[in-house]
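Chemist: Show me the folded form of this:
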Amino acid sequence: MATHTRLRYDAAKVGLADLVRKVLDVDDLEGLAASERLATRETDQRTPYHKRFYEHFDAVSPAYRLLARHLLGDTADDVYLQRIPTFRVHLRNSVAVGSWHRDRDFGHDPAEVNYWVPLTRAYGNNTLWIDSEPVHAEYGDVIVFDGANSWHGNVVNDTETSRVSIDFRTIPRSAYRPTTKKSVSFEMPFLLGEYWDVV
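Modeler: Residues are numbered from 1 along each chain as shown. Just a heads-up that it's a prediction; the model follows:
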């Protein structure tokens, strides 16, 4: 049974990797320096790269919205979109996510759908794993999977390159219910106008 669906988009037209490279002020996303310590669940969103990405997300937002509209197509009006995607940096000698998990264990709705968007090559041990299987992908691929209910995570990156990606979630408008729960990394309420937005 397939753990995911692979979609493709025109990476040159959307230009996400170039925008992120400019925001991070680096020449090569795959060349980000190796980590000196293993990231944990508490620190995996706390690097200087994450700080720059979130502080300058306005520069990336139009391309993100363009990609989301392209991927969702005719279903765009039927779902809510994660307003700010989650940024991941899988540095050499470290991990991108500090613990294997199902998103529902952190307050996410079981009806959510995950879209994983690598901005570099994702291969070997620098990639996302879903239900104990590595998912190899290229820039221009989007991996769609049931992150709310499937175990996913990563292993220590022993490849020669760092991996950079974003991921985002959608929820059917029919399944959306206001809640007091908040996202684990930023304590953002799972509410329309906060965590969720129209596409």
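Chemist: Which per-residue confidence value corresponds to Ser174?
Modeler: Listed pLDDT for Ser174 reads 97.
Chemist: quick one: contacts for it?
Modeler: Asp78 (Cβ atoms under 8 Å, 6 or more residues apart in numbering). Where you see a C-beta, it was placed from the backbone N, CA and C, and this is true even at glycine.
Chemist: CA atoms only: put the helix or strand containing Val60 into CSV for me.
Modeler: Under the criterion of DSSP states H and E, Val60 resides in helix 57-72. Written as CSV, here are the backbone C-alpha positions of helix 57-72 (Å, rounded to 0.1, in the frame of the first residue of the first chain):
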residue,chain,number,x,y,z
PHE,A,57,8.3,35.0,5.0
ASP,A,58,6.5,37.9,3.3
ALA,A,59,9.1,37.5,0.5
VAL,A,60,8.3,33.8,0.0
SER,A,61,4.5,34.0,0.6
PRO,A,62,3.5,34.9,-3.0
ALA,A,63,5.4,31.8,-4.4
TYR,A,64,4.0,29.6,-1.7
ARG,A,65,0.4,30.7,-2.5
LEU,A,66,1.0,30.2,-6.2
LEU,A,67,2.3,26.6,-5.5
ALA,A,68,-0.6,25.8,-3.2
ARG,A,69,-3.2,27.0,-5.7
HIS,A,70,-1.5,25.0,-8.5
LEU,A,71,-1.4,21.8,-6.4
LEU,A,72,-5.0,22.1,-5.0
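Chemist: May I see the buried residues of stretch 182-199?
Modeler: With burial defined by 16 or more other Cβ atoms under 10 Å, the residues of stretch 182-199 counted as buried are Lys182, Ser183, Val184, Pro189, Phe190, Tyr195, Trp196.
Chemist: Least confident of the residues you listed?
Modeler: Val184 (87).
Chemist: contacting residues for that one?
Modeler: Val184 neighbours (Cβ under 8 Å, 6+ apart): Arg41, Phe106, Gly107.
Chemist: three-state assignment of the most centrally placed residue in the chain?
Modeler: With distances taken as Cα atoms, centre = their mean, the residue of the chain nearest its centroid is Asp167 (1.8 Å). The three-state label given to Asp167 by DSSP: H, G, I helix; E, B strand; the rest coil is strand.
Chemist: which residues does it contact?
Modeler: Counted by Cβ under 8 Å, 6+ apart, Asp167 has contacts Pro85, Thr86, Arg88, Asn114, Tyr115, Trp116, Val117, Gly147.
Chemist: let's see 6 Å
Modeler: Thr86, Trp116 (Cβ atoms under 6 Å, 6 or more residues apart in numbering).
Chemist: low pLDDT regions in the protein?
Modeler: 1 (pLDDT under 70).
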